[in-house]
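S.K.: Build me a model:
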Amino acid sequence: MKTSTLLVVLTFALCLLNACGGSHTPPLQAAPTVTISASSGAITLGQKVTLTWTSTDATSCTASANPSQSDWSGPEPVSGSASVTPAAPGTITYTLGCTGVGGNASHDAPVAASIGTLSVTSSAPPDGTVGQKYHPYFYCTPGCNCLFKTACLKKAYGFPLNATGGLTPYSWSWVPAAGSGLPSGLDLVGHTIGGIPTSAGSYQVAVTVTDSQSPAASAGVNYTVNIHNPAPPAINTSPAPPAGAKNLPYSYAFTASGFAPLTWSETGKLPPGLTFGNDGSLSGTPTTLGAFPLTVIVTDGVGQTSATDDVTVEIFPHGFKATGSMASAREGHTATLLPNGNVLVAGGLDDTNAILATAELFDPVSGSFISTGSMTNARYDHTATLLPNGKVLVAGGDNVSGDTAELFDVASGSFATTGSLTTPRVGHTATLLSNGRVLIIGGVGAASTLDSAELFDPSSGTFTLTGSMTSARAGHTAMLLANGKVLVTGGMDGNGAVLASAELFDPGSGTFASTGAMTAARQDHQATLLNTGEVLITGGMNSSTALNSAELFNPATGAFAATGSMAIARSGARAILLQDGSTVVIGGSDVNGQSLSSAELSAVSGTSFSGTGSLTRPRREHAATLLDDGRVLVTGGTDDSDIPVTSAELYQ
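M.R.: From the prediction side, this is the model:
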């Protein structure tokens, strides 16, 4: 019984496995299907067509075309779309073949590309300007977001011509039309008009495009290309020609904006000894004093003339002449006359913004500079004072240790340290007193403007504090009076206010006391002791602008009184008392902060100013030193480029 039951179970299982009642056939896989269509079956050559396709039961698809097309070839997804551009006229059959487990399938999408009518589609070429590259424009660097990155925009020049229809590539040509000529300076290269126009006018041109058919098709269009003259030349009226000096070299070049070449001419009486070139140069050596009115005009390369410029060239008895240059560019340096007649130039800031320790000597006989020993510390905006023993005290200044001081020995040409200041100082003043000591006043300390003062004793080589000023000051002046007291004027206090106040230091008591106030608040001004015993105060800056006013301090009354004004406002100038008793005020910054080349002379009384010859170059923050022979040495400073210079010159 058990054996029969087992047989029945096995028989049933085999029937399930083998589908009792018939033979077994595996299930069939469906063959793939594919459809492809074109957005248009007939186009003009050059137009784009969108192919769209789908498939079923496909695992991969491949694109091909007859004739072959570079943009429809190789693997493609089993469904999708693509943009293609037929490359040749005629019917292009775009085919998509797909493969699946159940077999292969393909489908075609024919597109007929016909050659359209060839025509020029460019707008009229833009106007151009003589002397300027034709048609500047900007384009966006491919792949760069020009909306947010201006660096993606690149500048190019030229006007591209465009056409449609026909068979590419095109070739372009142009010829004069209507009895005109081609715009001089412009060329048609490829499909772009470019170049630099050289003549103004309205030019009629016939532009022709030819395609690559055989036989070729052509199309043309007439254009007007207008080329305008540039703006007329304009003479630069600033700076005006400088004042010259009799028997000293003179050189000035007029400048103008405009289309080159520029040709200059002048009318009027030239100062004898000077010549005027058609390049705008005025040069020579004047031989006659006086004021010489001139009218200059400039003509550009297309014959346009500027407005006239009326100038007056003044020739004075005295002026400046270039001398040898320093080894280093310097501003904020010192220049001290030595007992042997040479001038010690020390420290300052050079044209790389480095603080200098170097020093050099000017020899008035040879007119040249030679190096000498360097300071023990680099420094600028320091002080240098000739002592009665012939040595030079160099003190403070802007460096890593502004409380240091050192002595220059003329005999050895070397520097050696001496006692230190009681506090670091920069922009202070140093005044040799009648008793041989040196009074150091104010300036900027480690954290603030200073009201303190100290005395240097050459016999001990030490500094000691003395009485403090009534106000903290930097950018002030300190002048030894005939009575032995020191007049301190103006400057800026610790709150940034420009001061009109003044005070007197009494060496006997070692104290300061207020005296009459100046008629104007000033800093970076000049104070000059006149032979009359009065002190002439010139220029400087108030809270916002340079000043041209001047005033006189009377030691007898302790009061200031306004005197004649300078012709030009000046801050950071240099004022030197000359041997004839007059004062020459040299250079500085004007109301716009620009360096000045002009200079002017005060009368012996200090009550009026007159002109004198100009510097050979603009300067501010320079140094000026009266030589034993009466000439004035001017060294360094910064010019209009705001860069310290190496040059030097002599007022004579």
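
S.K.: Do me a favour and get the end-to-end distance for stretch 328-347?
M.R.: 10 Å (Cα to Cα, to the nearest Å).

S.K.: same question, stretch 233-246
M.R.: With Cα to Cα, one end of stretch 233-246 sits 33 Å from the other.

S.K.: Who are the packing partners of whatever helix or strand Phe463 lives in?
M.R.: Phe463 belongs to strand 462-466 when assigned by DSSP states H and E. Applying 3 or more Cβ pairs under 8 Å, 6 or more residues apart in numbering; DSSP states H and E, one finds that strand 462-466 contacts strand 453-457. Quick note: C-beta positions are derived from backbone N, CA and C, even for glycine.

S.K.: who does the strand it packs on pair up with?
M.R.: Partners of strand 453-457 in the sheet, by DSSP bridges, are strand 438-441 (antiparallel), strand 462-466 (antiparallel).

S.K.: Now do it, average pLDDT.
M.R.: In this model, strand 453-457 has a mean pLDDT of 98.

S.K.: Helix, strand or coil: sort out Lys154 for me.
M.R.: Per DSSP: H, G, I helix; E, B strand; the rest coil, the local secondary structure of Lys154 is strand.

S.K.: Only C-alpha atoms, please: export the strand holding Phe463 in CSV.
M.R.: Output in CSV follows, covering the C-alpha atoms of strand 462-466 (Å, rounded to 0.1, in the frame of the first residue of the first chain):
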residue,chain,number,x,y,z
THR,A,462,72.3,113.4,26.9
PHE,A,463,68.7,114.5,26.6
THR,A,464,66.7,115.9,29.5
LEU,A,465,63.0,117.0,29.7
THR,A,466,62.3,120.7,30.0
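
S.K.: Now do whichever helix or strand comes after that strand: everything it contacts.
M.R.: Scanning forward in sequence from strand 462-466 by DSSP H and E, the next helix or strand is strand 477-480. The contact list for strand 477-480 (Cβ atoms under 8 Å, 6 or more residues apart in numbering) reads 429-434, 439, 441, 486-491, 505, 525-529, 535, 537.

S.K.: export strand 477-480 as PDB, just CAs?
M.R.: In PDB, the C-alpha atoms belonging to strand 477-480 read as follows (Å, rounded to 0.1, in the frame of the first residue of the first chain):
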ATOM      1  CA  THR A 477      57.600 125.600  13.300                       C
ATOM      2  CA  ALA A 478      60.200 126.700  15.900                       C
ATOM      3  CA  MET A 479      62.400 129.700  15.200                       C
ATOM      4  CA  LEU A 480      65.200 131.100  17.400                       C
END
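
S.K.: in its sheet, what does it sit against?
M.R.: strand 486-489 (antiparallel).

S.K.: contacting residues around the strand it pairs with?
M.R.: 429, 431, 433, 439, 441-442, 469, 473, 476-481, 502-505, 507, 512, 515, 518, 522, 525, 527, 535, 537, 553, 555.

S.K.: Report the beta-bridge partners for Leu274.
M.R.: Gly284.

S.K.: what's the burial count for it?
M.R.: By other Cβ atoms under 10 Å, 22 other residues sit near Leu274.

S.K.: do the same with Pro142
M.R.: Neighbour tally, Pro142, other Cβ under 10 Å: 6.

S.K.: And for the one 10 residues further on?
M.R.: Using other Cβ under 10 Å, Cys152 is surrounded by 16 other residues.

S.K.: I figured it hits Cys146, correct?
M.R.: Yes: counting by Cβ atoms under 8 Å, Cys146 is a contact partner of Cys152 at 4.2 Å.

S.K.: Common neighbours of these two, please.
M.R.: Contacts common to Cys152 and Cys146, judged by Cβ under 8 Å, 6+ apart, are Cys140.

S.K.: Surely Met492 is in contact with His525?
M.R.: No: taking Cβ under 8 Å as the definition, Met492 is not a contact partner of His525, at 11.4 Å.

S.K.: Now the terminal residues of stretch 611-627, how far apart.
M.R.: Start-to-end, stretch 611-627 (Cα to Cα) is 22 Å.

S.K.: quick one: average pLDDT of that stretch?
M.R.: Mean predicted lDDT for stretch 611-627 stands at 97.

S.K.: buried set for it?
M.R.: Within stretch 611-627, the residues that count as buried by 16 or more other Cβ atoms under 10 Å are 611-627.

S.K.: what's the answer for stretch 592-602, then?
M.R.: Buried residues in stretch 592-602 (16+ other Cβ under 10 Å): Gln594, Ser595, Leu596, Ser597, Ser598, Ala599, Glu600, Leu601, Ser602.

S.K.: same deal with stretch 268-284?
M.R.: Leu270, Pro271, Gly273, Leu274, Phe276, Gly280, Leu282, Gly284.

S.K.: Same check on stretch 179-191?
M.R.: Those would be Ser180, Leu182, Pro183, Gly185, Leu186, Leu188, His191, for stretch 179-191 by 16+ other Cβ under 10 Å.

S.K.: can you pull the contacts of the fourth one?
M.R.: If a contact means Cβ under 8 Å, 6+ apart, then Gly185 has Val130, Gly195, Ile196, Pro197, Thr198, Ser199 as its contacts.

S.K.: how many neighbours does the third one have?
M.R.: Here the count is done by other Cβ under 10 Å, and Ile196 has 15 residues near it.

S.K.: which non-adjacent residue is nearest it?
M.R.: Excluding the flanking residues, the one nearest Ile196 by Cβ to Cβ, 6 or more residues apart in numbering is Gly185, at 5.0 Å.

S.K.: among the strands paired with strand 453-457, which is nearest Thr54?
M.R.: strand 438-441 (95.5 Å; Cβ to Cβ).

S.K.: hmm, who's touching that closest one?
M.R.: 383, 385, 387, 393, 395-396, 421, 425, 428-433, 453-456, 458, 463, 466, 469, 473, 476, 478, 486, 488, 505, 507.

S.K.: ok so, going back, just the strands paired with strand 453-457: most buried one?
M.R.: The highest mean neighbour count among those, using mean count of other Cβ atoms under 10 Å, belongs to strand 438-441: a mean of 26.

S.K.: circling back to that earlier point, which PyMOL command selects the buried ones in the contacts of strand 486-489?
M.R.: A single PyMOL command selects the buried members of those (16+ other Cβ under 10 Å):
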select buried, resi 429+431+433+439+441+442+469+473+476+477+478+479+480+481+502+503+504+505+507+512+515+518+522+525+527+535+537+553+555
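
S.K.: quick revisit: pipe the buried residues of stretch 268-284 into TSV and attach distance to Ser414 and pLDDT per row.
M.R.: Shown next, in TSV, are these (distance: Cβ to Cβ, whole Å; pLDDT from 0 to 100):
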residue	distance to Ser414	pLDDT
Leu270	52	96
Pro271	48	98
Gly273	46	98
Leu274	47	98
Phe276	52	98
Gly280	50	98
Leu282	47	98
Gly284	45	98
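
S.K.: between those residues, which is closest to Val313?
M.R.: For the buried residues of stretch 268-284, the nearest to Val313 is Pro271 (5.6 Å; Cβ to Cβ).

S.K.: Enumerate every residue touching the closest one.
M.R.: Counted by Cβ under 8 Å, 6+ apart, Pro271 has contacts Gly244, Tyr250, Pro286, Thr287, Thr288, Gly290, Phe292, Val313, Ile315.

S.K.: who wins for neighbours among these?
M.R.: Busiest of the contacts of Pro271 [other Cβ under 10 Å] is Gly244, holding 28 neighbours.

S.K.: any idea how far the closest residue in space to that one that isn't next to it in sequence is from Thr358?
M.R.: Distances taken as Cβ to Cβ, 6+ apart place Tyr250 nearest to Gly244, at 4.1 Å, with adjacent residues excluded. Noted for Tyr250: a distance of 33 Å to Thr358, by Cβ to Cβ, to the nearest Å.
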